[in-house]
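**Q** sequence plus predicted model, see below.
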Amino acid sequence: MNLFCAIDLHSNNSVAVIIDHQDNVVFQRRLPNDIEVIRSALLPFQADLHAVAVESTFNWYWLVDGLQAAGFELMLVNPQAVQQYKGLKHTDDVSDARWLANLMRLGILPTGYIYPFEERTLRDLLRKRLLLVRERAMHLISAQSQIWRSTSQRVDSTELKRAQPELLKVFEHPNLRRALHCHLVMIRSLNEQIHMLERQISQQMRFNTAFQMLLTVDGVGPTLGLTIALETGDITRFPTVGRYASYCRCVNSQRLSNGKAKGQNNTRNGNKYLGWAFVELAHSIIRHNKTAHRFYQRKRAQRNGALATKALAHKMARACYYVMRDEVPFDQTKLFA
């Protein structure tokens with residue numbers, strides 16, 4: 001375990017660098033993005049490698065999956081947290097990869113969680129559903145706008161979502177009918193795909209304990225429950241509830257110097273899908289839970305509605321952490337104690 005490998009991954013090639021415990025370069029080569037070629041190049045060093053570091057760029061799946069399947073230990077690097085010191089006269093792909101290998105050698109490489117393959121594919125399937133829902137919303141809004149500006153009639157989005165052919169009767173002109181028909185066809189198609197994805201995801205998650213426990217939380221339905229469970233992954237990777245709340249973007253960002261506030265750090269650190277989910281949960285539980293509603297009204301009176309929602313979202317993130325970690329039903333008496 002005296003060798004440290006890092007790969008600077010690009011869209012069409014990669015640069016692999018291996019160093020020893022004294023920072024001597026043992027291997028350095030630009031390789032095509034072919035898993036067999038990369039695997040063969042690293043194979044002679046596998047027994048002595050501490051790990052292989054790969055940045056979490058947009059195309060890291062194939063490389064990490066392929067090397068893990070070959071028995072390599074992988075580290076997924078957070079590129080936002082890795083910065084070389086400024087002022088260097090020359091940097092290139094080799095120096096970038098070597099920098100990552102050095103951070104690994106020193107034990108200070110900032111890494112992220114690597115979702116197991118099956119869990120990741122299911123999580124990405126849920127993200128695909130969200131993409132389709134947003135696309136459907138775009139067609140719904142456009143169809144509503146067309147009807148409203150052409151006839152002064154306002155059609156409810158629930159009625160439009162059913163995309164019945166009778167809606168075409170609002171127009172007499174064939175061009176207007178054709179334009180609306182395009183929207184209705186797309187909405188029907190998207191409805192079908194969304195429902196198909198929901199069935200498949202629910203079927204695969206029906207025995208997931210974390211998901212089942214989340215459904216006991218007031219305001220959590222299947223969509224929010226699936227989002228929280230799948231985006232969280234293994235809850236034990238968060239040693240404290242504070243770490244989890246921060247990952248869910250429910251904790252304020254601060255930069256302090258000499259006891260004084262100096263602005264904010266990166267407020268986008270964390271999981272945007274969980275950030276969305278807990279804000280949605282906060283809006284939902286206000287309608288379903290009187291205690292949560294009173295908490296929200298008290299915070300709103302002190303500050304404003306947006307901060308009150310954020311405070312409630314923070315509380316719900318903490319509650320869901322314990323529900324998933326301890327595998328126990330939701331208990332509101334503990335939440336608002």
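**A** Structure received. Numbers count the residues shown, from 1 in each chain.

**Q** nearest spatial neighbour of Ala292, skipping sequence neighbours?
**A** Ile285 (4.5 Å; Cβ to Cβ, 6 or more residues apart in numbering). To be clear about C-beta, it is placed using only N, CA and C from the backbone, and glycine gets the same treatment.

**Q** three-state assignment of the one you found?
**A** When classified by DSSP: H, G, I helix; E, B strand; the rest coil, Ile285 comes out as helix.

**Q** ok, so what distance separates Leu274 from Ala143?
**A** Here the criterion is Cβ to Cβ, to the nearest Å. By it, Leu274 lies 32 Å from Ala143.

**Q** equivalent analysis for Leu67, please.
**A** Taking Cβ to Cβ, one finds Leu67 at 47 Å from Ala143.

**Q** these two: which has the busier surroundings?
**A** Neighbour count, other Cβ atoms under 10 Å: between Leu67 and Ala143, Ala143 has more, with 24 against 21.

**Q** please settle this for me: is that one part of a helix?
**A** Yes - counting by three-state DSSP, Ala143 falls inside a helix.

**Q** does it touch Leu180 like I think?
**A** Yes - the criterion here is Cβ atoms under 8 Å, and Ala143 meets it with Leu180 at 6.1 Å.

**Q** what's the burial count for Thr240?
**A** Neighbour tally, Thr240, other Cβ under 10 Å: 9.

**Q** next one: phi and psi at it?
**A** When quoted as degrees, to the nearest 10, the phi and psi of Thr240 stand at phi -130, psi 160.

**Q** now Arg136
**A** The phi/psi pair for Arg136 (degrees, to the nearest 10) is phi -60, psi -40.

**Q** and what of Asp234?
**A** phi -70, psi 110.

**Q** what sits against it?
**A** Tyr113 (Cβ atoms under 8 Å, 6 or more residues apart in numbering).

**Q** likewise the one 4 residues further on?
**A** By Cβ under 8 Å, 6+ apart, the contact set of Phe238 is Tyr244, Tyr247, Tyr321.

**Q** got it, and Gln68?
**A** Leu74, Ile114.

**Q** next helix or strand past the helix or strand harbouring it?
**A** According to DSSP states H and E, Gln68 maps onto helix 61-69. Per DSSP H and E, the first helix or strand lying C-terminal to helix 61-69 is strand 74-77.

**Q** what sits up against that following strand?
**A** Contacts for strand 74-77 (Cβ under 8 Å, 6+ apart): 6, 51-56, 60, 64, 67-68, 100, 104, 109-114.

**Q** partners of it, with directions?
**A** Next to strand 74-77 in the sheet, as set by DSSP bridges, lie strand 49-55 (parallel), strand 111-112 (antiparallel).

**Q** just the buried residues of the helix or strand just after it, please?
**A** Remark: after strand 74-77, the chain's next helix or strand is helix 93-106, criterion DSSP H and E. By neighbour count on 16 or more other Cβ atoms under 10 Å, the buried set for helix 93-106 is Asp93, Val94, Asp96, Ala97, Arg98, Trp99, Leu100, Ala101, Asn102, Leu103, Met104, Arg105.

**Q** stretch 133-142 too?
**A** Buried residues in stretch 133-142 (16+ other Cβ under 10 Å): Arg136, His139, Leu140.

**Q** same check, this time on stretch 38-50
**A** Buried residues in stretch 38-50 (16+ other Cβ under 10 Å): Ile38, Arg39, Leu42, Phe45, Gln46, Leu49, His50.
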